[in-house]
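Engineer: using only what follows, build the 3D model:
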Amino acid sequence: MRKWWISFTAAVAAVSAAAVLSGAELAAASARPPKPAIEYFHSMTTSGTANQISEIATGVFTAGGVDITRSATTDIFKFPVGTIYITHHSVHHTIAFNRRTCLFTGTDYGTYKLTGGTGEYAGISGSGKAVSHVIGVAARDAKGRCSLTRAPVAFQFVTSGHGPVKL
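Structural biologist: Below is the predicted model of the structure:
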């Protein structure tokens, strides 16, 4: 009977030591910097003339709102609980236009930076990479030629971006 008690006591001591070591490992793990939180931004429109585009953000937070174009390099993401200011830069793009069919396509690869915010997004910062795709059919003029000055007959524009964010 005594041997059983010694074995049991040794087992309890081993389990206790493992628990202490696990606690030490947890403390060490919590001392490591946390993995960056990633936010995903998705923009989409079917209007070739709109200056407001549907915007959905997911990741650290989830929100739906609009992307308001301010200039060729700045936008505002306006959500119900605040806004996010963003600057972006094109790194590489491709464009194709078929003068016979009036089809145009384009892809743009770039970077973005979150430069601040209001409301629940006050103090937001981060940056990342984005890709935009556009496809459309240009309107035709009175002579049947593709017109680049009239609104497109059909248009689709989609942007997806992601990167670490601090909020």
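Engineer: am I right that residue 120 sits in a strand?
Structural biologist: No. If the criterion is DSSP: H, G, I helix; E, B strand; the rest coil, then residue 120 is helix and not within a strand.
Engineer: hmm, residue 82 and it touching each other?
Structural biologist: Yes. Using Cβ atoms under 8 Å, residue 120 makes contact with residue 82 at a distance of 4.6 Å. All C-beta spots, glycine's among them, are computed from the backbone N, C-alpha and C.
Engineer: how about residue 60, what does it touch?
Structural biologist: 37, 38, 39, 165, 167 (Cβ atoms under 8 Å, 6 or more residues apart in numbering).
Engineer: partner residues bridging the third one?
Structural biologist: Here residue 39 shows beta-bridge partners residue 163, assigned using DSSP bridges.
Engineer: tell me how many other residues crowd it.
Structural biologist: 24 (other Cβ atoms under 10 Å).
Engineer: again with the fourth one
Structural biologist: The burial metric for residue 165, expressed as a neighbour count using other Cβ under 10 Å, is 23.
Engineer: what about residue 90, distance to residue 125?
Structural biologist: Per Cβ to Cβ, to the nearest Å, residue 90 is found 22 Å from residue 125.
Engineer: oh, I was asking about residue 89
Structural biologist: Residue 89 is 17 Å from residue 125, by Cβ to Cβ.
Engineer: which residues touch residue 128?
Structural biologist: Contacts of residue 128 (Cβ under 8 Å, 6+ apart): 39, 111, 112, 161, 162, 163, 164.
Engineer: please name the nearest non-neighbouring residue to it.
Structural biologist: Distances taken as Cβ to Cβ, 6 or more residues apart in numbering put residue 163 closest to residue 128, at 1.8 Å, once the chain neighbours are dropped.
Engineer: correct me, but that neighbour touches residue 127?
Structural biologist: Yes. In this structure, residue 163 is within contact of residue 127 by Cβ under 8 Å, at 5.4 Å.
Engineer: more neighbours, those two?
Structural biologist: Between residue 163 and residue 127, counted using other Cβ under 10 Å, the more crowded position is residue 163 (19 against 16).
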